[in-house]
Structure formats: structure tokens, C-alpha cells
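K.L.:
Pasting the sequence and the predicted coordinates here, then a few questions.
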Amino acid sequence: MKLKYSLIAAALFIGVGAQAQKGWKNLFNGKDLTGWKQLDGKAKFEAKNKEIVGVAALNTPNTFLATEQEYGDFILELECLADTMLNSGIQIRSEKKAGYNNGNVYGYQVEIDPSKRAWSGGICDDGRRDWLYPLELNPLAKTAFKNGTWNKYRVECIGNTIRTWVNGISAAHVADAETPKGFIALQVHSIDNSDKAGRQVRWKNIRVQTEGLKPSPYDGIYVVNTLPNNLSPQEAKNGYSLLWDGKTTVGWRGAYKDKFPEHGWEISHGELTALKSDGVEDPKRGDIVTQKKFSAFELKFDFKLTEGADNGVKYFVTESDNSKSYAVGLEYQILDDKNNSNSSMGRNGNRTLASLYDLIASDKNPRARKKVGEWNQGMIRVYPDNKAEHWLNGYKVVEYVRGSAEFQSLAAVSKYKIWENFGMAKEGGILLQDHGYHVSFRSLKIKILL
């Protein structure tokens, strides 16, 4: 009887295993590089011991081993083992076209990062927009990759959604429509010293699924969403809602007014734009503020500057400060630092882009900054314990605690010193400035933090 049950159990196990393999295609035959082609650099790739081995070489650019076939929607799984001195990556939905990026490979890259930075599983747009999802947005995932051993990657590209896992830990989640289809490629990064020459990155068990795709259940990690005014299913599950509907003035009014300003703002093509005024003051213009008030929250917003522009996103705005010229509140500074003199005013750069205006200067990480005319992703996060953060394009650039001794000392020497208990309201509105410059907003979303 025991033998009978054992045979039944074995049969069931084999059936489940066969079902699990259904729909998967091996991208590497374990013998040679059939189905792959080398692009750009001259680092060496070879098939060895059922592995693809990439060997770093001096004086050559990034080298890619790309699939001859292109893929749109797919799930990719593979294992990789990287020398601790080498950075690498997995290209997905990538392209190579004459006349773009100097004719080199570009597109989404899933990071392989054995360094102390530990961004394995993060997503960058290699050769185009740089980092989309640095793992500072998901610190837990920085523990997933293990040096000196094989690491299993899973990548889901379904529609406009790209998600990654490293050793079963959810790493990145991006909603983006830049490239719907392209090749998959393995990268050997360019190296800058001879100590790295000859070191290896290895891959095995590379397989892809293109039919009957079932996305993994949604989880709680942060979502980078570049789709205009779009609330992705995971964002909704995680508690976000649109603060602006992308079409109307519903939910907003003029500061110190009971309705939306008649002039100074334009809604067009999913963008909410403060128009340039050429210094003309008009009582029918002005800042706009949410009708709702918020205390602990996470606010996401996209913004686009024009040359020399100055604006800001204020929070904890109460309109009870007896200042009819402008509404008072903590401010996330929005500024073209290079072409507006305001950046050199204040103290120690505390009026520059993403700073806590006139109080705390933002970290000037060059990778967080985009060219004027490109969309930026800002975030303001205020926790129930009054810890607050400013983020710019996936990088934390300001951190402080409302009401702390440091905060109070900074407020005491700022332009806000005339207001008692500045920035300490229990709750307040979210405000977009009308500062007389052409600045556009979109994708305003908020999540209440409990």
C-alpha cells in the first residue's frame, strides 16, 4: 500500500513539474550561442559548462549578448553569478538604431550590482533616461542579491508594467510606455582598470514565457509610474488616489478664494500649467490649493520647467497666517537653478531645486537632475511622527523632522521667522504656486500615511 501511494505521489509530482514547464522556452541551449548575437563592445562571451560566461576586457565599451528575436510581453527567469568587482545588467525591450545613442544599445536594464550600493534588481533606461527605479525607493530589496553565489532573477514585462524580483524578493515596479518591444541581452560592463580585466559574469537556466502570462500578485513596494495621470492597480492597492483628475479643476480652488482662478492656469493635454505673466499682477490669477487638508501623507507629482522658471509645491498650508500676498507653508522648491538668480539667494543653497525652501538645501546629486523641458518626478513624504522627506527622480534629497530643535533654529533665521509655529500645523492644504513662470504639473497622487 505504501508503494502504491508513493507511486501516486511521484506521478503527481511529475505532472506538476511538467505543468510548471509548460509555455517556457529556453533561450540558451547549454552548448553554444545559437540565437544570440554580440553588440557594441569586444568583451568575450562563450558557452561553457552549460553557462554563458562574459569576460571583462579593457578599452572597450559596454558589450551585449542579445537575442536575435525580439520580445514584447514576456516573463524572463535566469540565474547569474557576478564577480564582486563587476557591474552588469540584463537588457529587456532594448534596441539598437543608427542615429540614436551613437548607434549603441539602449533600453530598459535590470541591474546586477554586487557593490556596496546594492541596487540589484533596480531598473534604469540605459542610454536614454538613466535610472527609473533606483533601489533607494525599496531598501528591503538591497538585501536580496548575494555575492559569491548564484542569484535568481525574475522579470515580468506585461503591457506597460515591468516588475523584477531577485531571489524571490520584489525589487522594482515600473509603469512606462517608452518601448513596448525589443531584444533581451546580457551585459558585460566596460571597465576602468586592469584589475577588473578577465573577471567574469555568468548566466544559466535562461528561459522565457510569452503565452498565457499571469502576473504575480501585487505587493506593497513603491511604484514608479511615468504614464500621465495614471493610477496603476498596485498604486491603488497601496492606497494612492489622484489628487488631480487630469481634466478639470475639481478638488482645487484659488488660495484665499472660494473658486478656481479665472486666469493664470491652463488645463490642456493632461497638464496643469501655471502660465507666464511677464510680471503682471492680476487678482484673477494666483496660487491654487486643494480643498482637502492633509496631515501625514505621501505626495507624488510630475513637473516640467521652462528656462529660468520658479515655482513650488507647498504643504501644511492653512491660509490662517494673515498673508494675503501669498499662502504660507513648507515648500518643495521648483526652480531652474542654472538660469534663475533665486538659486544663489538664501543660505547655503537652500532655495535650489527640491530644497525645503529657505530652510534646508537639497542634495545636489547630478543623476537626480534632468534637463529643462523634461519631466521630473517629485515626492514629498511626511510621516505621522513628523519626519519628512523630499525626493527627486527617485533620490532622497532632503530629510528633516518638523518641530525638532534643528527645524526650529532654521525657521528662526529664515523668511518665515515672523510666523509663530511656522510649518507646525496639524493639517493643511497642498498648494501649487503661481509665481509668474511657465511650469507644468501632472500625475498628482496622494496616499494617507497612518
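P.N.:
Cool, the structure landed.
K.L.:
so what's the closest residue to Val382 other than its chain neighbours bridging to?
P.N.:
Among residues not flanking Val382 along the chain, Ala388 sits closest, at 4.7 Å (CB to CB, 6 or more residues apart in numbering). All C-beta atoms are positioned from the backbone trio N, CA, C, and that covers glycine. The partner list for Ala388 in beta bridges (DSSP bridges) reads Val382, Tyr400.
K.L.:
residues in contact with Ala388?
P.N.:
By CB atoms under 8 Å, 6 or more residues apart in numbering, the contact set of Ala388 is Leu330, Ile380, Arg381, Val382, Val398, Glu399, Tyr400, Val401, Arg402.
K.L.:
ok, so what distance separates it from Asp337?
P.N.:
22 Å (CB to CB, to the nearest Å).
K.L.:
do the same with Phe183
P.N.:
Plainly put, Phe183 is 38 Å away from Asp337 if you go by CB to CB.
K.L.:
before we move on, what about Ser88?
P.N.:
34 Å.
K.L.:
More neighbours: which of those two?
P.N.:
Ser88 (25 against 20; other CB atoms under 10 Å).
K.L.:
Give me the neighbour count for the residue lying closest to the more buried one once chain neighbours are set aside.
P.N.:
Of all residues not flanking Ser88 in the chain, Ile112 sits nearest, at 4.0 Å (CB to CB, 6+ apart). By the criterion of other CB under 10 Å, Ile112 has 26 neighbours.
K.L.:
and Ile112, what does it touch?
P.N.:
Ile112 makes contact with Cys80, Ala82, Asn87, Ser88, Gly89, Ile90, Ser120, Phe145, Asn151, Gln187, Val201 under the criterion CB under 8 Å, 6+ apart.
K.L.:
Which one of those is nearest to Val289?
P.N.:
Ser120 (41.8 Å; CB to CB).
K.L.:
how about the closest one, secondary structure?
P.N.:
The assignment at Ser120 comes out as coil when based on DSSP: H, G, I helix; E, B strand; the rest coil.
K.L.:
who touches it in this structure?
P.N.:
Glu111, Ile112, Asp113, Pro114, Leu135, Ala141, Lys142, Ala144, Phe145, Asn151, Val166, Ala171.
K.L.:
got a markdown table for these, with secondary structure too?
P.N.:
Shown next, in a markdown table, are those (three-state DSSP):
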| residue | secondary structure |
| --- | --- |
| Glu111 | strand |
| Ile112 | strand |
| Asp113 | coil |
| Pro114 | coil |
| Leu135 | helix |
| Ala141 | helix |
| Lys142 | helix |
| Ala144 | coil |
| Phe145 | coil |
| Asn151 | strand |
| Val166 | strand |
| Ala171 | strand |
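K.L.:
By neighbour count, which of the residues you listed wins?
P.N.:
Of those, with other CB under 10 Å as the count, Ala171 tops at 29 neighbours.
K.L.:
what element comes up after the worst-scoring helix or strand of the chain on mean pLDDT heading to the C-terminus?
P.N.:
Least confident element among the helices and strands of the chain, by mean pLDDT, DSSP states H and E: helix 2-21 (a mean of 40). Later in the chain than helix 2-21, the nearest helix or strand by DSSP states H and E is strand 24-26.
K.L.:
who's in contact with that next one?
P.N.:
If you take CB under 8 Å, 6+ apart as the criterion, strand 24-26 is touched by Ile206, Arg207, Val208, Gln209, Thr210.
K.L.:
Mark out where each domain of the chain begins and ends.
P.N.:
Domains of the chain are assigned by automatic domain parsing as 21-209, 239-448.
K.L.:
will you turn those into CSV that also has distance to Ser216?
P.N.:
Output for the domains of the chain, formatted as CSV (distance: least, CB to CB, whole Å):
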stretch, distance to Ser216
domain 21-209, 6
domain 239-448, 20
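K.L.:
Any idea which of these gets closest to Gly220?
P.N.:
domain 21-209 (8.4 Å).
K.L.:
low pLDDT regions in the chain?
P.N.:
Within the chain, the ranges that satisfy pLDDT under 70 run 1-21, 280-281, 323-325.
K.L.:
Identify each of the helices in it and give its residue range.
P.N.:
Secondary structure of the chain (DSSP state H): helices located at 2-21, 233-237, 405-412.
K.L.:
okay, the last one in PDB with CA atoms only?
P.N.:
Taking only C-alpha atoms (Å, rounded to 0.1, in the frame of the first residue of the first chain), the coordinates of helix 405-412 have been written out as PDB:
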ATOM      1  CA  ALA A 405      15.300  71.700  17.600                       C
ATOM      2  CA  GLU A 406      17.200  71.900  14.300                       C
ATOM      3  CA  PHE A 407      14.000  72.700  12.400                       C
ATOM      4  CA  GLN A 408      13.100  75.500  14.800                       C
ATOM      5  CA  SER A 409      16.500  77.000  14.600                       C
ATOM      6  CA  LEU A 410      16.400  77.000  10.800                       C
ATOM      7  CA  ALA A 411      13.000  78.600  10.800                       C
ATOM      8  CA  ALA A 412      14.100  81.300  13.200                       C
END
